[in-house]
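K.L.:
Give the three-dimensional model of this entry:
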Amino acid sequence: MTRLNGKIAFVTGAGGGIGRAICERFLAEGSSVAAADINPDLDGLFSSAEAEGRFIVLRCDVGDSDSVRNAIAHTVEAFGSLNVICNVAGGSTSQDGCVTEAPESEFWRAIKLDLFGTFVCCKHGLPELIKAGGGSVINMASMVALMAVPHRDCYTAAKGGVLALTRSMAAGYARHAIRVNAIAPGITRTPRVQAYLNANSGENSLAARHLLGLAEPIDIAHLAVYLASDESRVVTGQVLAVDSGVTIC
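P.N.:
Alright, predicted model coming up:
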């Protein structure tokens, strides 16, 4: 399959369940991929693509502007340009809670990782997309940005900011033929999320509201392929939920 043939993608959070699935699908569709993560653990997983010169692994802390700048520079040095930015790095922790109870440190952790991380990857990556004549930015939001989920106020604030940033960038960079969209997953069965569900039985009622069952990482990756491809050439500023219907219940 060659839906992404010739495209070059920079994927953050590549060591996690969703990021890893996106790297796999992008490579299968013909893209070259720079897989970035603060603790990358991808050695040998994509050896054939690495042997073909289509895959590199980069250590990158999206909360550090210099780290991101260097990772983008290494990507362009390795592949010659950049066409797709896929901002997957993020996540909540058990420290999250209501505004009156959550530690302020957790609020700033969520903002730095989820919102600032998205911002700074676009800050350093968008100039390369402009040089390439356009491209696609895929941000990772969450169902919490689309519906009321109690006790997740830090994460909700960060992901709500990602949605607002997605729309403003879509309007601001369309003149450069750059599309900016966001994916809003429901509960997705990554190893980290599964461990959290196992330890927090109170979340089972929310999981049960997913009409078609919980998503798998590959379900998110399929939509990322569409948004990275030319098939979505007039889709921009959109928030596309892959949530098993939970946001309509």
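
K.L.:
the bottom helix or strand of the protein by mean pLDDT?
P.N.:
The helix or strand of the chain with the lowest confidence, counting by mean pLDDT, DSSP states H and E, is helix 191-199 at a mean of 73.

K.L.:
Pull the distance from that one to the chain's centre.
P.N.:
When distances are taken as CA atoms, centre = their mean, to the nearest Å, helix 191-199 is centred 19 Å away from the chain's centroid.

K.L.:
For stretch 137-146, list every residue counted as buried.
P.N.:
Residues of stretch 137-146 classed as buried by neighbour count (16 or more other CB atoms under 10 Å): 137-146. Every residue, glycine included, has its C-beta placed from N, CA and C.

K.L.:
Check stretch 230-238 too.
P.N.:
Buried residues in stretch 230-238 (16+ other CB under 10 Å): 232, 236.

K.L.:
Determine the next helix or strand in the C-terminal direction from the longest helix belonging to the chain.
P.N.:
If you go by DSSP state H, the chain has its longest helix at helix 153-173. Counting by DSSP states H and E, the next helix or strand C-terminal to helix 153-173 is strand 178-185.

K.L.:
Centroid-nearest residue for the chain?
P.N.:
Geometric centre of the chain, nearest residue: V88, 2.1 Å, by CA atoms, centre = their mean.

K.L.:
Read off the pLDDT value for that residue.
P.N.:
We have a pLDDT of 98 for V88.

K.L.:
related to what we said a few turns ago, elements contacting the least confident helix or strand of the chain?
P.N.:
On a contact count with 3 or more CB pairs under 8 Å, 6 or more residues apart in numbering; DSSP states H and E, helix 191-199 meets helix 17-28.

K.L.:
quick one on the thing from earlier: can you give the distance from the longest helix of the chain to the centre of its chain?
P.N.:
Helix 153-173 sits 13 Å away from the centroid of its parent chain (CA atoms, centre = their mean).

K.L.:
Start at 365, not 1
P.N.:
Yep, numbering from 365; the last one is helix 517-537 now.

K.L.:
what about it, average pLDDT?
P.N.:
98.

K.L.:
Might you list the low-confidence residue ranges for the chain?
P.N.:
Low-confidence segments of the chain (pLDDT under 70): 365, 407, 560, 563-567.
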